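Give me a model of this one.
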Amino acid sequence: MQFKHPEILYFLFLLIVPILVHLFQLRRFKKEYFTNVRFLKELSIQTRKSSKLKKWLLLATRLLILAAIIIAFAQPFFKAKDSNQVTNEMYVLLDNSFSMQVKGQKGELLKRAVEDLLEHVPENQTFSLLTNSETFWNTDIKSIQKDLQNLKYSAAPFQLDQLMAKVKSRKSNFNKDIVIISDAAGIREKDLKSVDKDFNTYFIVPKAEQKNNMAVDSVFINQTLDKFYEIGVKLSAYGEQEKETPIAIYNNGKLIAKTLIRMDGAQKTMNFSIPKAQFNGYVSIEDSGISYDNTLYFTISDPKKVNVISIGEADKSAFLGKIFTETEFNYANFPIAALDYNLLQKQDAIVLNELKDIPQALQATLRSFSEKGGNIVLIPAAESTAANLNAFLANFGSIKFGALQNTEKLITQISFGHPLYSGVFEKKADNFQFPQTKASFSVTTASPGILNYQDKSTFLTSLQNPLSSVYIFSAPINKVNSNFQNSPLIVPTFYNMAQSIRKTGAVALTIGKNQPYLVDAKLDKDDIVELRNIQQNGEKFIPIQQALNDKVKLTFNDYPQSAGNYGIFRQDELLQDISFNYDRTEGNLAAADEEMLSGFKVISDVETVFDTLQTDRTDNEIWKWFAVLTLLFLTVELFIQKFVK
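Predicted structure coming up:
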């Protein structure tokens, strides 16, 4: 027991006063007998004994009364068990990712968490609130009430390590109370290591009533026909999906296709035929789980011919003319001696077909070409030197050619999941007629192989940059060295290597991925490009932009904030349509693993957190009990005065 005013205890010396008074009243007197009546003498003896007992009782109660009053004014208390944490700073980390959109017993998890904060955070409590998208430093619940009520779901996933880094950046001499409100779907084991063990951390994990969910993952062009596109829609299912789900495709707000789908596995691809024309719409499903991943926006631009140049001997490049037909490509072949360098920047793809040597001027031009979004295909010549090839490829990434090996090899391994072969194979081929080469260069690279030999060495690989790809063969593919030109693989391989998704693909960008995008446009000095949502009163923003000759490189960072179909405008001129979608990382509601939190304090709600903190950090003041004892002893004294004779 401790005292807030221990100096008042010096007044306990006053207890000597009633003792002195009592001793004065108990002093001895001389006995004088006036009569010889014995019964009066006996009565006097009994009365004196009773009087002494009463005075001793009164002395005891008065001492207790005085002591209780003095101790009450000294304000005794028992120290709180967590008193050292009274000065802690409080931080609330609120998960507003799309997984919090699912419904619990009392409604959507995020909305219920906001109500819990508004109802139970004390008005005088100063704290900092951090969400996936918003930050409020050193505030109180009244100041941010409207912000919390209007808090929107964030396209960014809940990243505990990044939020903890923000908390730790606030340097202070005080320790921290951390309240983390999340469904734990986005929390990983390594994220928990970012939580300082010295922090007083509480987890509140709201739970969903059901964890079944279905999502539209991606859209791609499966094949291009004369008058139609066959598009593939890839869907994912989490949990049990027993009912058939409606799926529909809209173009410019109009329904063009609708059917029912039953998921018989974790993933499924649905194929639809749509007119071969400009498309600016979305595919949508009706699902009872979270709704943010039920819609995927995508854009298909008007078909444009792809510009392709091959550099090499005409006889060795004849097969390319059969692949790059006039209906879809503007194709031309030039020998290195007759090459016009001014044509290169206007191409979408350039094929270096068995050049014995790549001049330095061409290397520099091709590096600039790749940085501006052009694809490059390198087919080495048997006479090429590894040194020249490596000097050229050093401009694009890490890959090394070794010596030419005169060993016959079968090309047996196909990377079916590589983007180059997206939509090419309906299923993995087991009885495929594999091509071969008689001589090939050894290749060392960290990039995965697209086509590999039987001994797992590389035949075709690629180096990627944000805007383009460099495809690299390890062997000449002329008819003397290889039968690859006669293989069924030749057409889809070169066709897809030359294609530009900006011109022929389904564009569905992901918000926050920060992937650069090229637009065919030539800007004047004061021109800027703006993106506008095609919906009425939709979002507008100006991206980071860089003029590259007849193209504009756009960088979006974390914009836009809302998924949808957008137009790229130069003033009021529509240059191109483009679509943005939220990242599909929150769809698996069963991914949360609460066992990871076993080393932390898991609390049911915000009210319990503050009740616990108040209980653990509030001293137990007991001066009121001494005030009650004072009244009790006063009552005892009255009874003694009245009933003790």
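
rest of the way, CA atoms for contacts and neighbours
Noted.

okay, the nearest residue to S194 once chain neighbours are set aside: pLDDT?
Leaving aside its chain neighbours, S194 sits nearest to D161 (5.4 Å; criterion: C-alpha to C-alpha, 6 or more residues apart in numbering). pLDDT recorded at D161 is 90.

would D161 count as being in a helix?
Yes. The assignment for D161 (DSSP: H, G, I helix; E, B strand; the rest coil) places it in a helix.

how close does the spatially most central residue of the chain sit to G512?
Geometric centre of the chain, nearest residue: P157, 2.0 Å, by C-alpha atoms, centre = their mean. Distance from P157 to G512, counting by C-alpha to C-alpha, to the nearest Å: 10 Å.

what about stretch 94-105, distance to the chain center?
13 Å (C-alpha atoms, centre = their mean, to the nearest Å).

cool, and stretch 322-335?
Distance, centroid of stretch 322-335 to centroid of chain: 45 Å (C-alpha atoms, centre = their mean).

Check stretch 544-562 too.
Taking mean C-alpha positions (C-alpha atoms, centre = their mean), stretch 544-562 and its chain are 23 Å apart.

What pairs with whatever helix or strand N333 lives in, parallel or antiparallel?
Applying DSSP states H and E as the criterion places N333 in strand 329-334. Using DSSP bridges, the strands paired with strand 329-334 are strand 306-311 (parallel).

residues near the residue nearest to S194, how many?
17 (other C-alpha atoms under 10 Å).

and if you look at G505?
Count around G505 with other C-alpha under 10 Å applied: 20.

do P419 as well
12.

For it, give its distance to A508.
For P419, the distance to A508 - C-alpha to C-alpha - is 15 Å.

can you list the domains in this structure?
2-79+621-643, 83-205+604-618, 230-293, 306-500, 504-581 (automatic domain parsing).

what's the closest non-adjacent residue to G281?
Closest to G281 by C-alpha to C-alpha, 6+ apart is N251, at 4.3 Å.

Wait, the one you found touches Q278, no?
No. Using C-alpha atoms under 8 Å as the test, N251 is too far from Q278 to be in contact (9.2 Å).

For those two, work out which one has more neighbours and name it.
The residue with more neighbours, out of N251 and Q278, is N251; 18 against 13, by other C-alpha under 10 Å.

for the more buried one, what are its contacts?
F279, N280, G281, Y282 (C-alpha atoms under 8 Å, 6 or more residues apart in numbering).

Can you tell me the SS state at the residue nearest to N200 when sequence neighbours are not counted?
Spatial nearest neighbour of N200, chain neighbours left out: D177 (4.7 Å); criterion: C-alpha to C-alpha, 6+ apart. The three-state assignment at D177 reads strand, by three-state DSSP.

and D177, bridged to which residues?
Judged by DSSP bridges, the bridge partners of D177 are M90, N200.

okay, now it: neighbour count?
Neighbours around D177, by other C-alpha under 10 Å: 20.

Phi and psi next, for the nearest residue to A563 once chain neighbours are set aside.
Distance criterion C-alpha to C-alpha, 6+ apart; nearest residue to A563, sequence neighbours excluded, is N581 at 4.7 Å. The phi/psi pair for N581 (degrees, to the nearest 10) reads phi -140, psi 160.

isn't there a strand covering L575?
Yes. Assignment of L575 by three-state DSSP places it within a strand.

my read: it touches K551, true?
No. L575 is not in contact with K551 according to C-alpha under 8 Å; the separation is 11.3 Å.

Which residues are in contact with each of those two?
With C-alpha under 8 Å, 6+ apart, L575 and K551 have common neighbours V519, D520, A521.

Highest neighbour count among those?
V519 (19 neighbours).

List the contacts of it.
Residues near V519 by C-alpha under 8 Å, 6+ apart: R502, K551, V552, K553, L554, L575, Q576.

Next one: it, what pLDDT does it get?
87.

just to revisit the earlier point, report how many residues lie close to the residue nearest to A563.
Counted with other C-alpha under 10 Å, N581 comes out at 24.

can you pull the contacts of it?
By C-alpha under 8 Å, 6+ apart, the neighbours of N581 are L296, Y297, A508, L509, T510, I511, S562, A563, G564.

Need the residues you listed in JSON lines (columns: neighbour count).
As requested, those are exported to JSON lines (neighbours: other C-alpha atoms under 10 Å):
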{"residue": "L296", "neighbour count": "28"}
{"residue": "Y297", "neighbour count": "28"}
{"residue": "A508", "neighbour count": "22"}
{"residue": "L509", "neighbour count": "22"}
{"residue": "T510", "neighbour count": "19"}
{"residue": "I511", "neighbour count": "22"}
{"residue": "S562", "neighbour count": "16"}
{"residue": "A563", "neighbour count": "22"}
{"residue": "G564", "neighbour count": "25"}
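
Which of those residues fall in helices?
Judged by DSSP state H, helices contain none of these.

Looking at those, which two lie furthest apart in space?
A508 and S562 (13.4 Å; C-alpha to C-alpha).

Mind listing the shared neighbours of the two?
F580, N581.

in the stretch 301-450 of the chain, which spans are helices?
Ranges of helices in the stretch 301-450 of the chain, per DSSP state H, counting those that start in this stretch, are 318-323, 360-371, 386-393.

Flag every buried residue along the longest one.
Okay, so that is helix 360-371. Under the neighbour-count criterion of 16 or more other C-alpha atoms under 10 Å, helix 360-371 has L366, R367, S368, F369, S370, E371 buried.

now what about it, what contacts it?
Contacts with helix 360-371, where a contact means C-alpha under 8 Å, 6+ apart, come from Y341, L344, Q345, I376, F392, N395, F396, N465, L467, S468, S469, V470.

Check the fourth one and give its pLDDT.
According to the model's per-residue confidence, I376 sits at a pLDDT of 95.

who are the neighbours in contact with it?
The contact partners of I376, by C-alpha under 8 Å, 6+ apart, come to A349, I350, V351, L352, L366, S370, S469, V470, Y471.

wait, the second one sits on G373?
No. Counting by C-alpha under 8 Å, I350 does not reach G373; the two are 11.4 Å apart.

Show the pLDDT at P488.
If you check P488, the pLDDT there is 87.

measure the spatially closest residue to D191 that is not a sequence neighbour to L393 for me?
Closest residue in space to D191, ignoring its immediate chain neighbours: D161 at 5.0 Å, by C-alpha to C-alpha, 6+ apart. Distance, D161 to L393, using C-alpha to C-alpha: 37 Å.

What of Y495?
Y495 is 22 Å from L393, by C-alpha to C-alpha.

Now I399: closest residue in space that isn't a chain neighbour?
Nearest to I399 is T445, by C-alpha to C-alpha, 6+ apart, at 4.6 Å.

Quick one: residues contacting D577.
Taking C-alpha under 8 Å, 6+ apart as the test, what D577 contacts is N280, T299, S301, N565, Y566, G567, I568.

and of the residues you listed, the nearest to A257?
For those, the nearest to A257 is N280 (14.2 Å; C-alpha to C-alpha).

where exactly do the strands run in the stretch 201-350 of the chain?
213-224, 228-238, 245-251, 254-261, 267-275, 279-285, 295-300, 306-311, 329-334, 349-353 (DSSP state E, counting those that start in this stretch).

Among these, which comes closest to L638?
strand 213-224 (76.2 Å).

mean confidence for the closest one?
pLDDT averaged over strand 213-224 gives 87.

Then stretch 636-644?
pLDDT averaged over stretch 636-644 gives 77.

low-scoring stretches of the stretch 351-500 of the chain, by residue?
Counting by pLDDT under 70, the stretch 351-500 of the chain has low-confidence residues at 423-432, 500.

where do the strands sit along it?
Under DSSP E, counting those that start in this stretch, the stretch 351-500 of the chain gives strands at 375-379, 399-405, 409-414, 436-437, 440-445, 449-453, 458-464, 469-473.

how about those strands in a markdown table, adding distance to V195?
Listed next are these as a markdown table, based on distance: least, C-alpha to C-alpha, whole Å:
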| stretch | distance to V195 |
| --- | --- |
| strand 375-379 | 45 |
| strand 399-405 | 40 |
| strand 409-414 | 44 |
| strand 436-437 | 55 |
| strand 440-445 | 38 |
| strand 449-453 | 40 |
| strand 458-464 | 36 |
| strand 469-473 | 40 |
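
Right, I'll leave it there.
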